[in-house]
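1. model the following, please.
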Amino acid sequence: MNRSREAWSAFILTRLVGLAVDSAVVGAAYLAAFILRFDFAEPSWGWRKVAMSYVTVCVVHILSLMACGCYRLAWRRIRASQLPRYVGAAALAAALLTAMRFLMPELGFAHIRPPYSITVICFFFATAGLVGVRYMWRAYWLSRQKESALLERSEKTFDNSVAARFFAGRTVMVTGAGGSIGSEIVRQVSAAGAARVLLVERGENALYEINREMAKSKCAASFSPLMVDCGDRDRMSAVFAAERPSIVLHAAAYKHVPMVEMNPEEGWRNNTEATRTLAALAKENGVERFVMISTDKAVNPVSVMGKTKLAAEQAIMAMNDSSATSFCAVRFGNVFGSSGSVVPLFKDQIAQGGPVTVTHPDMKRYFMTIQEAVSLVLQAASRVERAIYTLDMGEPVRILDLAENMISQAGYRPYVDIPIVFTGIRPGEKLFEEIDVSERSAFKTDMAKIYVTR
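-> Numbering: from 1, shown residues only. A predicted model of the protein is given here:
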């Protein structure tokens with residue numbers, strides 16, 4: 001069975017379940033109407049005929065819902081603009097039942113035409129019930145729509161006590177502080193007890209947002225927003241001289257593989273030369289620890305971006321031989337929700353009705369949440385090795401599975417409501433990234449999920 005047939009089978013099954021639930025809701029509303037109308041007493045024509053008349057009431061309500069197009073609406077996506085359909089369906093059912101009562105006044109038809117008062121009361125109860133179960137289902141799915149759920153594993157939490165002791169009372173420079181990784185580093189470093197955090201960011205809006213957020217936080221750290229390109233040697237030299245940071249967490253980089261592939265000179269300048277410049281200044285100014293945020297794409301790189309990051313790693317590691325400053329790099333894979341990652345792209349495509357574009361059906365990537373990755377980065381920063389660290393990111397996620405899960409989480413049916421199309425592998429991309437934490441490639445440290453690359 002292909003994926004499209006599977007999606008249609010799931011669609012039919014959900015509609016059958018929906019019919020069963022609506023039948024139960026209408027039944028409960030009808031029973032409640034009788035209980036309210038007759039004050040818990042048995043009607044004169046008996047509960048048996050009440051049960052028989054429910055069949056008619058249920059069929060009329062279901063057909064009215066169909067006629068008003070309610071079964072073309074996904075429960076997970078119900079919104080206020082759709083309420084008139086459900087109210088209209090309940091009103092249509094009430095009108096039909098009222099007409100049946102009027103046209104069949106004889107008592108012999110009691111089992112197929114409920115009293116007027118019951119029809120009116122049932123209208124209100126049925127409307128509230130039909131809409132209510134849909135909103136409850138929507139609330140349930142919204143509570144599940146977390147990026148961490150897409151990992152198909154529980155989000156990991158780590159003991160950050162060692163990192164907290166390392167950062168406590170220090171002045172910490174974070175480059176790329178307005179980016180998705182950099183801003184989370186700022187949050188966690190300040191929460192760890194840093195005395196002062198230097199927010200180095202060349203993007204005005206990004207710098208404004210993270211500075212505004214931290215100004216409203218309850219952290220005791222002070223923050224200095226510094227709108228400067230970390231590759232500008234003169235400006236950064238002045239910053240080092242004035243602020244005297246003891247730790248540098250270098251997150252500023254171009255990370256989007258196709259963009260760097262099309263702009264290799266700028267990728268080299270920003271990813272490699274700027275890192276070399278920043279590391280040299282850190283060495284000159286007596287920084288204790290310099291941590292570069294790297295990528296799994298630096299392992300046997302085929303893309304320009306991967307090669308620029310590998311060259312940056314090699315540049316800082318070469319400085320360890322003759323420096324009091326301890327240089328290290330931390331490699332990890334994709335981060336959910338980070339700028340330039342596939343998750344925001346899929347969200348935009350789903351919001352526009354598709355199609356969702358996947359480069360290849362077998363494409364796989366390693367994923368972590370931003371919080372997980374940064375927590376491990378700070379732990380690695382607190383260690384003493386002058387090394388390239390690799391984070392254990394678990395099992396890789398197939399991008400096609402991720403796309404299908406995101407479509408389903410949004411309340412749509414993959415291949416039915418939202419098409420998925422394959423666009424082909426782009427220049428510089430691999431089918432599989434090569435994070436390897438086996439014994440042949442890395443040494444396990446005493447910190448969970450952190451390995452030293454051989």
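
2. where does pLDDT dip in this structure?
-> The chain contains residues with pLDDT under 70 at 1-8, 10-11, 44-46, 105-112, 142-159, 337, 339-340, 435-442, 448.

3. contacting residues for the closest residue in space to Ser382 that isn't next to it in sequence?
-> Spatially, and ignoring its direct neighbours in sequence, Ser382 is nearest to Phe166 (3.6 Å; C-beta to C-beta, 6 or more residues apart in numbering). C-betas here are computed from N, CA, C, even on glycine. Going by C-beta atoms under 8 Å, 6 or more residues apart in numbering, Phe166 touches 192, 378, 381-382.

4. which residue ranges form the helices in the stretch 301-450 of the chain?
-> In the stretch 301-450 of the chain, the helices defined using DSSP state H, counting those that start in this stretch lie at 304-318, 342-351, 370-381, 399-409.

5. what's the most buried one of the ones you listed?
-> With neighbours taken as mean count of other C-beta atoms under 10 Å, these reach their highest mean count in helix 370-381, at a mean of 24.

6. which elements pack onto it?
-> Judged by 3 or more C-beta pairs under 8 Å, 6 or more residues apart in numbering; DSSP states H and E, helix 370-381 is in contact with helix 161-167, helix 180-191, strand 247-250, strand 289-293, strand 326-331, strand 388-391, strand 450-453.

7. so which of the ones you listed is the most surrounded?
-> Among these, strand 247-250 has the highest mean neighbour count (mean count of other C-beta under 10 Å), at a mean of 27.

8. what's the following helix or strand after it?
-> Remark: after strand 247-250, the chain's next helix or strand is helix 257-262, criterion DSSP states H and E.

9. give me the next element, helix or strand, following that following helix.
-> The C-terminal neighbour of helix 257-262 among helices and strands, as given by DSSP H and E, is helix 264-267.

10. now that following helix: buried residues?
-> Buried positions in helix 264-267, judged by neighbour count with 16 or more other C-beta atoms under 10 Å: Gly267.

11. again with stretch 266-285
-> Buried, per 16+ other C-beta under 10 Å, within stretch 266-285: 267-283, 285.

12. likewise stretch 39-55?
-> Buried, per 16+ other C-beta under 10 Å, within stretch 39-55: 49-50, 53-54.

13. in TSV: these, plus secondary structure and distance to Ala311.
-> As requested, these are exported to TSV (DSSP: H, G, I helix; E, B strand; the rest coil; distance: C-beta to C-beta, whole Å):
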residue	secondary structure	distance to Ala311
Lys49	helix	84
Val50	helix	80
Ser53	helix	80
Tyr54	helix	75
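
14. show me the longest helix that occurs in the protein.
-> Ranked by residue count under DSSP state H, the longest helix found in the chain is helix 3-37.

15. and that one, what's buried?
-> Buried, per 16+ other C-beta under 10 Å, within helix 3-37: 7, 18, 21-23, 25-27, 29-34, 37.

16. which one of those residues is nearest Tyr116?
-> Arg37 (10.4 Å; C-beta to C-beta).

17. quick one: residues contacting Ala315.
-> 272, 275-276, 279.

18. circling back to that earlier point, would you list the helices of the stretch 301-450 of the chain in TSV and tack on distance to Val131?
-> As requested, these are exported to TSV (distance: least, C-beta to C-beta, whole Å):
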stretch	distance to Val131
helix 304-318	50
helix 342-351	24
helix 370-381	36
helix 399-409	22
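
19. which stretches in the stretch 101-250 of the chain count as strands?
-> Secondary structure of the stretch 101-250 of the chain by DSSP state E, counting those that start in this stretch: the strands cover 171-175, 196-200, 222-226, 247-250.

20. wait, which of those strands is closest to Ala329?
-> Proximity to Ala329 (C-beta to C-beta) singles out strand 247-250 among these, at 9.0 Å.

21. elements contacting the closest one?
-> strand 171-175, helix 274-284, strand 289-293, helix 370-381.

22. go again using 10 Å as the cut-off
-> Where contact means 3 or more C-beta pairs under 10 Å, 6 or more residues apart in numbering; DSSP states H and E, strand 247-250 is packed against helix 161-167, strand 171-175, helix 180-191, strand 196-200, helix 274-284, strand 289-293, strand 326-331, helix 370-381.

23. which stretch among these comes nearest Ala238?
-> helix 274-284 (10.1 Å).

24. mind checking the SS state of Gly286?
-> Recorded secondary structure, Gly286: coil (DSSP: H, G, I helix; E, B strand; the rest coil).

25. got phi/psi on the residue lying closest to it once chain neighbours are set aside?
-> For Gly286, ignoring the flanking residues on the chain, the nearest one in space by C-beta to C-beta, 6+ apart is Ala324 at 6.7 Å. Main-chain dihedrals, Ala324, degrees, to the nearest 10: phi -70, psi -20.

26. residue contacts, Ala324?
-> Taking C-beta atoms under 10 Å, 6 or more residues apart in numbering, we find Ala324 in contact with 283, 286-288.

27. for these, pick the one with the most neighbours.
-> Val287 (24 neighbours; other C-beta atoms under 10 Å).

28. that residue is in contact with Arg244, isn't it?
-> Yes: the pair Val287 and Arg244 qualifies as a contact (C-beta atoms under 10 Å) at a distance of 8.8 Å.

29. what's the overlap in contacts for those two?
-> 171, 173.

30. coming back round to it: separation between the residue nearest to Gly286 and Ser246?
-> Distance, Ala324 to Ser246, by C-beta to C-beta, to the nearest Å: 12 Å.

31. can you pull the residues that touch both of those two?
-> 286-288.

32. specify which member of those is nearest to Val239.
-> The closest of the shared contacts of Ala324 and Ser246, once distances to Val239 are taken by C-beta to C-beta, is Val287, at 11.9 Å.

33. need phi/psi at the closest one.
-> The phi/psi pair for Val287 (degrees, to the nearest 10) is phi -60, psi 140.

34. skipping adjacent residues, who's closest to it in space?
-> Per C-beta to C-beta, 6+ apart, closest to Val287 is Thr325, 5.0 Å.

35. quick one: contacts for that neighbour?
-> Per C-beta under 10 Å, 6+ apart, neighbours of Thr325: 248, 279-280, 282-290, 316, 319, 386.

36. also Ala373?
-> Residues in contact with Ala373 (C-beta under 10 Å, 6+ apart) are 181, 184-185, 293, 330, 332-336, 338, 367, 391, 393.

37. so which residues of the stretch 1-150 of the chain form helices?
-> 3-37, 46-67, 83-103, 116-144.

38. tilt between the second one and helix 116-144?
-> Angle between the axes of helix 46-67 and helix 116-144 is 60 degrees (criterion: axes from the mean of the first three to the mean of the last three C-alpha atoms, to 10 degrees).

39. equivalent analysis for the longest one, please.
-> Relative orientation of helix 3-37 and helix 116-144, computed by the same axes, to 10 degrees: 140 degrees.
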